[in-house]
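Q: Generate a structure from the sequence data that follows.
(one chain, ligands or ions: 1)
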Amino acid sequence: MKLAQILYSQGFGARRECEGLIVSGLVTVEGRPCDDPFAEFTPTGLHFTVRGESWPWFEKALIVLHKPAGYECSQKPKHHPSVMNLLPGPLRRREVQPVGRLDEDTTGLLLLTDDGALIHRLTSPKKHVPKVYEVGCKHAVTPEQIERLMAGVVLDDSPIAVRAAACESIGELGLRLTLLEGKYHQVKRMVAAVGNRVEALHRSAFGELALPADLASGQWRWLPGPEVLYPA
Ligand code: URA
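A: Numbering: from 1, shown residues only. Below is the predicted model:
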């Protein structure tokens, strides 16, 4: 693939803009400067820099973001900035989208990708991808509440009960809850349905991927591919 085409595919602007970056000497490939927009490279596994910033080539982008509170997952946020503001221009230009949504006040693991088929696979209720939430509750968590969350509760938008795939208390006011679906406000509504109230919500895992301990709030990183989300 030609270098200008490579930059274009990774969200560095229109073809002309990409050619401009290259002829201006702002691009290196595998550590060497390259000012020829038509130089050919094999993109898979390629590392390049633009204005000194390092980029790996990925046909489809898949990233994990440690979402802070105070950001909306919507592309057109109403009351708070969008999580897109936390990403660099090339990823925004590639139109990566959140895989499902976290509420504005929820923190933790948010996946984003420009792979529409992957979003569908990961959010389809039929696929049963587990999501783990750490919940801070207003009232002490009782064994009965845990039993009811595991047995299933009926929410107001469907007569079919939703149940936690796993649920355990963490201290007096905490819960760790694993869900296989991703309904609107699901954790908050389930916890309310058993007579408690969510005061803090953090997603700690999605599929097999745990939020990396060294990924600070507001930071993102590349994932090598969707296989990190599935059992080996
Ligand atoms: N359940 C909720 O209630 N909110 C979230 O952000 C995620 C799951």
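Q: helix/strand/coil for the residue in the chain sticking out farthest from the centre?
A: In the chain, the residue that sits farthest from the middle, by Cα atoms, centre = their mean, is Asp36; the gap is 35.2 Å. Under the three-state scheme (DSSP: H, G, I helix; E, B strand; the rest coil), Asp36 adopts coil.
Q: How about the contacts made by it?
A: Leu3, Ile22 (Cβ atoms under 8 Å, 6 or more residues apart in numbering). Glycine gets a C-beta too; all of them are placed from N, C-alpha and C.
Q: Adjacent strands (with direction) for the longest strand along the chain?
A: For the chain, the strand with the greatest residue count under DSSP state E is strand 198-206. Sheet pairing of strand 198-206 (DSSP bridges) gives strand 107-113 (parallel), strand 131-137 (antiparallel), strand 209-210 (antiparallel).
Q: Next, the buried residues of that strand.
A: Residues of strand 198-206 classed as buried: Val198, Leu201, His202, Arg203, Ser204, Ala205, Phe206 (neighbour count, 16 or more other Cβ atoms under 10 Å).
Q: For Met190, state which of those is nearest.
A: Ranked by distance to Met190 (Cβ to Cβ), these are led by Val198 at 9.1 Å.
Q: can you pull the contacts of the nearest residue to the closest one once chain neighbours are set aside?
A: Nearest residue to Val198, sequence neighbours excluded (Cβ to Cβ, 6 or more residues apart in numbering): Lys188, at 4.6 Å. Residues in contact with Lys188 (Cβ under 8 Å, 6+ apart) are Asp103, Val198, Leu201.
Q: Just the helices from the protein, written as ranges.
A: If DSSP state H is used as the criterion, the helices of the chain fall at 3-9, 15-23, 89-93, 116-123, 143-151, 186-193.
Q: Tell me which of the strands paired with strand 198-206 lies nearest to Glu168.
A: Closest to Glu168 of these, according to Cβ to Cβ: strand 131-137, at 10.7 Å.
Q: Just the CA trace of that closest one, in CSV.
A: This file holds the C-alpha atoms of strand 131-137, laid out as CSV (Å, rounded to 0.1, in the frame of the first residue of the first chain):
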residue,chain,number,x,y,z
LYS,A,131,-19.6,-7.4,31.6
VAL,A,132,-18.5,-7.0,35.1
TYR,A,133,-19.6,-4.0,37.2
GLU,A,134,-18.4,-2.8,40.6
VAL,A,135,-21.3,-1.2,42.3
GLY,A,136,-21.4,1.2,45.3
CYS,A,137,-24.8,1.0,46.9
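Q: ok, and of the buried residues of strand 198-206, which contact the ligand?
A: By Cβ under 6 Å from any ligand atom, the members of the buried residues of strand 198-206 lying near the ligand are Leu201.
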